[in-house]
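Asker: Okay, sequence plus prediction incoming.
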Amino acid sequence: MIAEFGHFALLCALCVCLAQVGAGLAGASPGMAGLMRVADLSARAQFFLVLIAFAALTYSFVVSDFSLAVVHANSHIAKPMVYKIAGVWGNHEGSMLLWVVILALYGAAFSWGERTMPHALHARILAVQGLMGIAFLVFLVFTSNPFSRLETAPFEGRGLTPILQDPALAAHPPLLYAGYVGFSITFSFAVAALMEGKVDRQWARWMRPWTLLAWVFLTLGIALGSYWAYYELGWGGFWFWDPVENASLMPWLAGTALLHSALVAERRGTLINWTLLLAIVTFALSLAGTFLVRSGVLTSVHAFANDPARGLFILAILALFTGGGLALYGWRAPATPTDKFQPVSREALLVANNIFLATATVTVFVGTIYPLALDALGGPKISVGAPYFNAVFAPLTIPFLVMSPLGPLLAWRHDRLLPLAARLAPAALAAVLVTLGLALSRSGTPLLALVLLGGAFWLVGGAVTDMVERVRRVKNLTQTPLLSAPVAHAGLGVMIIGIIAATAWRQELVVAAAPGDTLSIGEQSLRFDGVRERAGPNYTSEQGRLVYLDGAHTGNALLPERRFYEAERSQTTEAAITTDLAGHLYAVIGEPVDDKRVVRIWYHPFVALIWIGAFVMALGGTLGLAGRVRRPRIATRAGA
Amino acid sequence: MKQIVAFLLIGMFALPAHAIDPGEALADPALEARARSLSLEFRCLVCQNQSIDDSDAPLARDLRAMVRARLLAGDTDQNIRDAVTARYGEFVLFRPRFGGPTAILWLLPLFLLGAAGWFARSVFSRPTSSEVE
């Protein structure tokens, strides 16, 4: 019964969406302002309705209602409660419901929170959001209905893929979706503005906080996914350039470009067309990511045929919104303003930033799509993987790092190079000295790694310079938006330091060890004490024990596990990780070999900086938001 | 989400990735480093999106052994790439060769940077030239 309520709520939400589109579009025309209220109410009602559906599905998971196909296929009575709840989105249907909930949440948040913009623009944005709501609700109800029942209810479910039974499942999908779907609002901003035919600096000013919000979530979502893969997949890789990862990186790169171009649009009133295009493309890439992953086209070209309805439907949604958005852009994009830039100015550097980010986005896109397209067109089967992307991104990153610190320190409109050089000299000197120090102390470091590290230090140094200058100038630390950019830039630098250090200086030990053996990796010695059996809530495990023989952790033990999940007849590797300032010691146990056991230990130097850096980036974005939320109120008060 | 779900669906078919087994590594660290970096370039053909360096599959193990045997025999990296490609086709290369339909992959980033730079010219003013005029 509860499930039927959920299903009914989804259908109601679909009807409400229709009202939202109609009322939003009609309400935007003169003399129909009363209808705008309907659009607002619809957006909020839509959110409550899909929330009811979500609650119904969650309830079905919690009570293990195996008469629901999706619960039967993805849950099990013995599964811990946290994974019953998080398992709601650990499958196709539930994750698409989550997508719809977040889409409606953004619509409702926009309706509640955005009160300063012209009513017509507000109404049109709600209409476009409603249109997306229709598309995804139809997709959900007709191709991926989470509430469809089985004819006879089985006594037991098939369980959730053990590798998903991890606390990260609770946070990673909602964060990532909050990022992807957040860009729906910027898309709606662009489409609504194109419908009006009026785009100005104020428009960019209204859109930027929404872009920033989505970007912060996407940054956190990707970072958490990367960390999850790092500790779960068994050897400590943090980014694999896997197509599904690329699918999340593309909207992130485009969204980052959008943040920067919107800044130029807001301050200078130029690059408006480019900003509109980026807003459309960023969301299109979010949709493309959904399509690539949800249709199964990426895992295997043939998986598409397993579920053609879903794949084709998402492809149709993608084509409708991307094609529609781009067509509208081609038809209605305003004429380019004639205001020109000086080469030495902040906006010039922001243009350079966008050139690099756009190049990176297209490169990832083509690298991901090209093998599929070539195959589909009857060409040869090729692969594009990590070695390709690393080879292309390393040289692309160097000039990007070199110029990045310049932008924030340059004035808008026009500045001079010589004083800038003097301001940045300490940062440059520090970067060079630290890099030289590393080159001497860690011989054998590849030159490319050193250059990239130098660039990352320079980026951090530039960000610190920027921070110091801003604080000195304003002397008021409560002005958080002031520190937003330098904090985010420093975060990027820290992340790159982590990536390069962990890649260049990684150490590895793979041995078959007998209990009592001493294993050495780098300067560290450990004693292997063998393996014992252990029982978990819904699995049994083999737990190895490695005891530190020297160093700061002497006497402590690493306890890597191999878990066997009875219900799912599957196993996972649980790495044991010791964190310290300088890096992670990462241990896993493998198969038995005669009376010995395969033990793999890695030393991942400074690897934690990757996620710390990403978190600092997101913090930078949040600082920008904190100030943004305050500002419009001041404007309203001044206006009133 | 989709990220890790699809990622992990892959994981259902292959066990978690594990890199090489004990005893596989070559004694000479320089040769072993070359073996590792080459192994990362070759796709495990029976896995989903894993290099032979990451994979537990027997095919990947055989290929790793072949790479190391050829390194010991004094082959260059390019010899080995050619030999592996001759046997398994272009699909085995995670880093496509430059040439034919894959040339575009390598030229594209350069072309994009150039094209974007050229387009961006239009938003810049050149005070010196306009003053001369």
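Answerer: Okay, I see it. For clarity, every value in this text was computed on a predicted model and none was experimentally measured.
Asker: just how off-centre is the helix or strand hosting residue A:43 within its chain?
Answerer: With secondary structure defined by DSSP states H and E, residue A:43 is part of helix A:34-62. Offset of helix A:34-62 from its chain centre (CA atoms, centre = their mean, to the nearest Å): 25 Å.
Asker: Just the buried residues of it, please?
Answerer: For helix A:34-62, the neighbour count (16 or more other CB atoms under 10 Å in any protein chain shown) marks A:35-36, A:38-40, A:42-47, A:49-58, A:60-61 as buried. C-beta here means a position set from N, CA and C on the backbone, and glycine is covered the same way.
Asker: what does stretch A:215-231 give?
Answerer: Quick answer for stretch A:215-231 (16+ other CB under 10 Å): A:215-231.
Asker: who does the helix holding residue A:43 touch, helix- and strand-wise?
Answerer: helix A:2-27, helix A:69-74, helix A:81-86, helix A:92-113, helix A:119-143 (3 or more CB pairs under 8 Å, 6 or more residues apart in numbering or on different chains; DSSP states H and E).
Asker: Are the fourth one and chain B in contact anywhere?
Answerer: Yes. Shown here: helix A:92-113 in contact with chain B (CB under 8 Å from any CB of the partner chain) through A:92, A:95, A:98.
Asker: And the second one, by the same measure?
Answerer: No. Looking at helix A:69-74 against chain B by CB under 8 Å from any CB, there are no contacts, and the closest approach is 10.7 Å.
Asker: The last one too?
Answerer: No. With CB under 8 Å from any CB as the measure, helix A:119-143 is seen stopping short of chain B, the closest distance being 14.0 Å.
Asker: Helix or strand next in line after that helix, which one?
Answerer: Heading C-terminal from helix A:119-143, the first helix or strand you meet, by DSSP H and E, is helix A:168-196.
Asker: In terms of secondary structure, what does that following helix contact?
Answerer: Counting contacts by 3+ CB pairs under 8 Å, 6+ apart, helix A:168-196 packs against helix A:81-86, helix A:92-113, helix A:119-143, helix A:201-232, helix A:243-268, helix A:272-294, helix A:324-332, helix B:2-13.
Asker: If you count neighbours, what's buried in it?
Answerer: Across helix A:168-196, burial judged by 16+ other CB under 10 Å covers A:168-170, A:172-195.
Asker: Could I get the average pLDDT for it?
Answerer: Across helix A:168-196, the average pLDDT comes to 94.
Asker: That helix relative to helix A:243-268, how many degrees between them?
Answerer: On the basis of axes from the mean of the first three to the mean of the last three CA atoms, to 10 degrees, helix A:168-196 is oriented at 40 degrees to helix A:243-268.
Asker: any idea how chain B splits into domains?
Answerer: According to automatic domain parsing, chain B comprises the domains B:2-95, B:98-133.
Asker: possible to save the ones you listed as TSV with mean pLDDT and mean neighbour count?
Answerer: Output for the domains of chain B, formatted as TSV (pLDDT from 0 to 100; neighbours: other CB atoms under 10 Å in any protein chain shown):
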stretch	mean pLDDT	mean neighbour count
domain B:2-95	80	18
domain B:98-133	77	13
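Asker: Switch the residues of helix A:92-113 next to chain B over to TSV, and while doing so, append pLDDT, distance to residue B:76 and neighbour count to every line.
Answerer: Putting these into TSV (pLDDT from 0 to 100; distance: CB to CB, whole Å; neighbours: other CB atoms under 10 Å in any protein chain shown) gives the following:
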residue	pLDDT	distance to residue B:76	neighbour count
A:92	86	47	21
A:95	90	47	24
A:98	95	51	23
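Asker: Looking at those, which is nearest chain B?
Answerer: Chain B lies nearest to residue A:95 out of those, by CB to the nearest CB, at 5.1 Å.
Asker: ok, now which ones touch the closest residue to that closest one other than its chain neighbours?
Answerer: Nearest non-adjacent residue to residue A:95, counting by CB to CB, 6 or more residues apart in numbering or on different chains: residue A:89, 4.5 Å away. Neighbouring residues of residue A:89 by CB atoms under 8 Å, 6 or more residues apart in numbering or on different chains: A:95, A:97, A:98, A:169, A:173, A:174, B:1.
Asker: So is the strand or helix carrying residue A:393 next to chain B?
Answerer: For residue A:393, the host element (DSSP H and E) is helix A:386-403. Yes. With CB under 8 Å from any CB as the criterion, chain B is reached by helix A:386-403 at A:386, A:387, A:388, A:391, A:392, A:396.
Asker: same check, this time on stretch A:312-320
Answerer: No. Remark: stretch A:312-320 sits outside contact range of chain B, by CB under 8 Å from any CB, the gap being at least 10.9 Å.
Asker: How far away from the center of its chain is that stretch?
Answerer: Put simply, stretch A:312-320 sits 22 Å off its chain's centre (CA atoms, centre = their mean).
Asker: what's that stretch in contact with?
Answerer: With contact meaning CB under 8 Å, 6+ apart, stretch A:312-320 is reached by A:135, A:136, A:139, A:142, A:143, A:284, A:287, A:288, A:290, A:291, A:294, A:295.
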